[in-house]
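> Below are the sequence and a predicted model for it; my questions follow.
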Protein chains: 2
Amino acid sequence: MKQQIEIICIGNELLIGKTLNTNAHWMARRATSLGIMAKRITVVGDDVDEIASVIGEALQRKPRFIITTGGLGPTFDDKTLEGIAKALNCKLEVNEKALKMVKEKYEAYLKEGKIEKVELTPSRVKMATLPEGTEPLPNHVGTAPGVLINVKGTFLIALPGVPSEMEAIFEGSVAPLLKSEAGEVTFFETSIYADGIMESGLAPLIDQVMHDNPYVYVKSHPRGEERKPHIEIHFSTTAKGSKTAKERLGKTIIQLSELIERNGGKIRFQKKKQ
Amino acid sequence: MKQQIEIICIGNELLIGKTLNTNAHWMARRATSLGIMAKRITVVGDDVDEIASVIGEALQRKPRFIITTGGLGPTFDDKTLEGIAKALNCKLEVNEKALKMVKEKYEAYLKEGKIEKVELTPSRVKMATLPEGTEPLPNHVGTAPGVLINVKGTFLIALPGVPSEMEAIFEGSVAPLLKSEAGEVTFFETSIYADGIMESGLAPLIDQVMHDNPYVYVKSHPRGEERKPHIEIHFSTTAKGSKTAKERLGKTIIQLSELIERNGGKIRFQKKKQ
């Protein structure tokens, strides 16, 4: 996986611990499954300077993709686009294609009886006021369009923070782009569980199998309570085909299982019920 | 809230979307409740250069606290301390106080029959090999001690990634430090819910009440489905006493509720069942 993505999540609710960042989790998982590796995830608040800084810093690292979530809505504290414009040193302007998308949404809301008239108030026009050179991405679930800007070889993409809207635009417009950049490479993973061995006893065994299986990444995650060690061992690899991946993972699992059992541990293939 | 914290979470499992970052959520919430504002949360993988970069960048922003989670254990991919040493350009050395903590843990494991002898293997000594000038923080739940280093006015703290261990060291050693830095300031928050008004209709009303109530932060979060708008409105403030906070929040809630009802919306004080 050479193509990389940085994820930037924007919202005070994440920084005060009001909201659990399921968006970053979902997007990291989807990008990985499409063959694109998340390199960094950053969370900042609803502050234009902070947003501009974090986007500017990410652009300097030249990932293939930067995807932001949050801050595209109609309220005063939806500041992502202002932050992007500041980072890119460009203007915000009413984007005619985006304005058409927003207007069509309110026309649909009118038909459904949710509003009494289609009025393009400043709060609504705000959702179509985008950085220069933006391609708006249709939002079939909510109102605010997503944003795609090509910045010197980096695709800078801004998605809403409402999970259903973020996921819908991601699947509709972003996933195909990630897939085409990733090529045929896919991510494969599986876990086994070890009992009766401590993580410090497992460490040198993992070192050995990773040395012998350079394309497989092995990581231990203690899951048990203090008195009963129960360790998840996660195996992952990226490969062009599932046959190669399965052979690699299978060989590594067999080798590590044997080492663990020789050292007094016991292997399970399912998580123990606590 | 002037004293700020940056949270840095380390682990490939977060970047591949295997693990939901509940640690960042828990710590942001706890820090906020203690009167310390989280300014940024960053997630990076198990890579010494990445860890060193993100810590170096955070130190340049001079927050009062930087707290890392993850990467303190005995395995090869527990690289946080190596990353910190690289960022601070200092050496890693066996810390006698930490070694004593680790040794006492294994002596306790021996008594419990979990291990057959107390052997300080390289994997175990690794957990006591800390950057120069470190104060180890006792870990009553697991084995690896936490780490506290004062870097030119910033408290750089490293905690384990296992949630129960992270939380125990935080409560035992970190929370009292945050509390003493925050002074008497506390964070207060509450939410109300609005039906029958769209977020774009709510936006100018929130603008108005925030203008009139400069110490209260008001943020709308759409929670309903597309066909039935249901919006959580979150009010927060920081104040020295609960009386001041309640008065501020109360006044703001009354003003916004009246504005919403005048615009055809309906206020609920509890979340609607979906």
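In hand now; what should we look at? Numbers count the residues shown, from 1 in each chain, chains lettered A, B, ... in the order given.
> okay, CA-based contacts and neighbour counts for the rest of this
Will do.
> pretty sure A:L205 is in contact with A:I260, am I right?
Yes - assessed by CA atoms under 8 Å, A:L205 is found in contact with A:I260 at 7.4 Å.
> quick one, strands of the stretch 151-274 of chain A?
A:154-159, A:186-195, A:217-222, A:230-239, A:266-268 (DSSP state E, counting those that start in this stretch).
> Determine which of those strands approaches B:V43 most closely.
Closest approach to B:V43 among the strands of the stretch 151-274 of chain A (CA to CA): strand A:217-222, 17.1 Å.
> sorry, back to before: deepest in the core, which of the strands of the stretch 151-274 of chain A is it.
Ranked by mean neighbour count, the strands of the stretch 151-274 of chain A are led by strand A:154-159 with a mean of 24 (mean count of other CA atoms under 10 Å in any protein chain shown).
> what's the distance between that one and the middle of its chain?
On the basis of CA atoms, centre = their mean, to the nearest Å, strand A:154-159 sits 12 Å off its chain's mean C-alpha point.
> That strand vs chain B: in contact?
No - judged by CA under 8 Å from any CA of the partner chain, strand A:154-159 makes no contact with chain B; its nearest approach is 15.0 Å.
> next one: stretch A:76-85
Yes - residues of stretch A:76-85 contacting chain B under CA under 8 Å from any CA: A:F76, A:D77.
> Which neighbouring elements make contact with the helix ranked longest in chain A?
Ranked by residue count under DSSP state H, the longest helix found in chain A is helix A:242-262. In terms of contacts (3 or more CA pairs under 8 Å, 6 or more residues apart in numbering or on different chains; DSSP states H and E), helix A:242-262 is packed against strand A:186-195, helix A:199-212, strand A:230-239, strand A:266-268.
> In JSON lines, list these along with mean pLDDT and distance to B:E232.
Formatted as JSON lines, the helices and strands packed on helix A:242-262 follow (pLDDT from 0 to 100; distance: least, CA to CA, whole Å):
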{"stretch": "strand A:186-195", "mean pLDDT": "93", "distance to B:E232": "38"}
{"stretch": "helix A:199-212", "mean pLDDT": "93", "distance to B:E232": "44"}
{"stretch": "strand A:230-239", "mean pLDDT": "94", "distance to B:E232": "38"}
{"stretch": "strand A:266-268", "mean pLDDT": "92", "distance to B:E232": "44"}
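> Quick one, which of those gets closest to B:K228.
In terms of CA to CA, the element of those nearest to B:K228 is strand A:186-195, at 38.5 Å.
> contacts for that closest one?
A:32-35, A:228-242, A:245, A:249, A:260, A:265-271 (CA atoms under 8 Å, 6 or more residues apart in numbering or on different chains).
> how many neighbours does the residue of the stretch 101-250 of chain A found nearest chain B have?
With CA to the nearest CA, the shortest gap between the stretch 101-250 of chain A and chain B falls at A:A203, namely 4.6 Å. Residues contacting A:A203 under the criterion other CA atoms under 10 Å in any protein chain shown number 20.
> Quick one: residues contacting A:K219.
Counting by CA under 8 Å, 6+ apart, A:K219 makes contact with A:I206, A:I233, A:H234, A:F235, B:D77.
> Kindly recompute the last result at 10 Å.
Counting by CA atoms under 10 Å, 6 or more residues apart in numbering or on different chains, A:K219 makes contact with A:191, A:203, A:206, A:210, A:231-236, B:11-13, B:75-78.
> Equivalent analysis for A:E13, please.
With CA under 10 Å, 6+ apart, A:E13 has these contacts: A:T19, A:L20, A:N21, A:V44, A:G45, A:D46, B:H25, B:A28, B:R29, B:K219, B:H221, B:H234.
> Can you turn the buried part of these into a PyMOL selection?
A single PyMOL command selects the buried members of the contacts of A:E13 (16 or more other CA atoms under 10 Å in any protein chain shown):
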select buried, (chain A and resi 20+21+44+45+46) or (chain B and resi 25+28+29+219+221+234)
